[in-house]
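Q: Please find the sequence and the predicted model below.
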Amino acid sequence: MISRLAVAAVFALLSTLAQASPLGPDGESGRFYPGKFVWFDLATEDLAGARAFYGAVFDWQFRPVENAPASYTLIEHEGGKIGGMFRHTRPPSAQVGSRWLALMSVPDAEKAAQYVVEHGGKVLLAPKTVAGRGTHAVFRDPEGAVFGVLAASGGDPPDDPVTDGDVFWLDLFTPDPAKAASFYAGLGGYAVSESRTSSGRPRWVLASEGIARAGIVLLPPGKVGAGWLFYILVEDVPETLDRVRGAGGKVVVEPRPDLLDGKLAVIADPLGGVVGVVDWEIRVDAKGPVQ
């Protein structure tokens, strides 16, 4: 879960981005895919270190935005934008110095904020229109997970096949998956289906436009704090984990047979920013990846 202090740093940056552009996804003009996660922001106290780590692990490229506060830097892969990163100072009580925030496409950020409040969530950053980006907002869902929404001014990126190095999937880990599924279904216009992971755990899948966008699973025993985790597609998980260790990161969840037959892992960058990695055979599947 993103700490309150780390969230405050994200808000401070997002609320002052109006002078920086372009700051949104490479979208199709006039085309929108509500419920699709279209942008990913990293708040970090070490931009140079983050560029070195994620460049070494995923071959990402980085492009600073001129005149942007907090040295906002675009994250790109094979010519397309994944998201951005910016510098923030770690508060004395914070345990990690790097946090990710995922933003979901919505047609109207103001209506999304109203929905969140009416259904037990909290608005952490009120909707704000930013030149070159659109209107974004940040919320905490009823179970405590932090996420953002974006009504992109340039449209959403198309549902092209995902390639290695791109964001492939997201999971929400929460203490009440059924409640969360109902909340997000109303917010993102999702069709919800229930299935089970390969280890037998119940799993809810959120789909829009006939495409599975994300999953919701029960928070593992002993873990506290609901939160979103996104996964990067890689060709070889063990080789990727070697890159992670070589670049100074850590393996938080090692590959094991009950997680996609050893083709899934969770990593942390040197300052604690957590993402998943997955080796998944691309195919059309409304149920999404099975874990």
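A: In hand now; what should we look at?
Q: okay, now the domains of the chain?
A: Here the domain parsing of the chain from automatic domain parsing is 4-152, 167-278.
Q: For these, give me CSV that also has distance to Asp160.
A: Yep, even glycine has a C-beta here, placed from its N, CA and C like the rest. Converted to CSV, the domains of the chain look like this (distance: least, Cβ to Cβ, whole Å):
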stretch, distance to Asp160
domain 4-152, 9
domain 167-278, 11
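Q: And the most centrally placed residue in the chain, how far from Thr73?
A: Nearest residue to the geometric centre of the chain (Cα atoms, centre = their mean): Ala102, 3.1 Å. Separation of Ala102 from Thr73 (Cβ to Cβ, to the nearest Å): 18 Å.
Q: tally of neighbours for the residue lying closest to Pro157 once chain neighbours are set aside?
A: Excluding its sequence neighbours, the residue lying closest to Pro157 (Cβ to Cβ, 6 or more residues apart in numbering) is Pro25, at 4.8 Å. Pro25 has 24 neighbours, counted by other Cβ atoms under 10 Å.
Q: quick one, strands of the stretch 51-200 of the chain?
A: 61-64, 73-77, 80-87, 98-105, 122-130, 134-140, 146-152, 167-174, 191-196 (DSSP state E, counting those that start in this stretch).
Q: Output the shortest one as PDB - backbone C-alpha positions only.
A: This points to strand 61-64. Extracted in PDB, the C-alpha atoms of strand 61-64 (Å, rounded to 0.1, in the frame of the first residue of the first chain):
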ATOM      1  CA  GLN A  61      14.200   4.900 -22.300                       C
ATOM      2  CA  PHE A  62      13.600   8.300 -20.600                       C
ATOM      3  CA  ARG A  63      12.900  11.800 -21.900                       C
ATOM      4  CA  PRO A  64      12.900  14.800 -19.500                       C
END
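Q: if we can go back for a sec, using a markdown table, lay out the domains of the chain together with mean pLDDT.
A: Converted to a markdown table, the domains of the chain look like this (pLDDT from 0 to 100):
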| stretch | mean pLDDT |
| --- | --- |
| domain 4-152 | 86 |
| domain 167-278 | 93 |
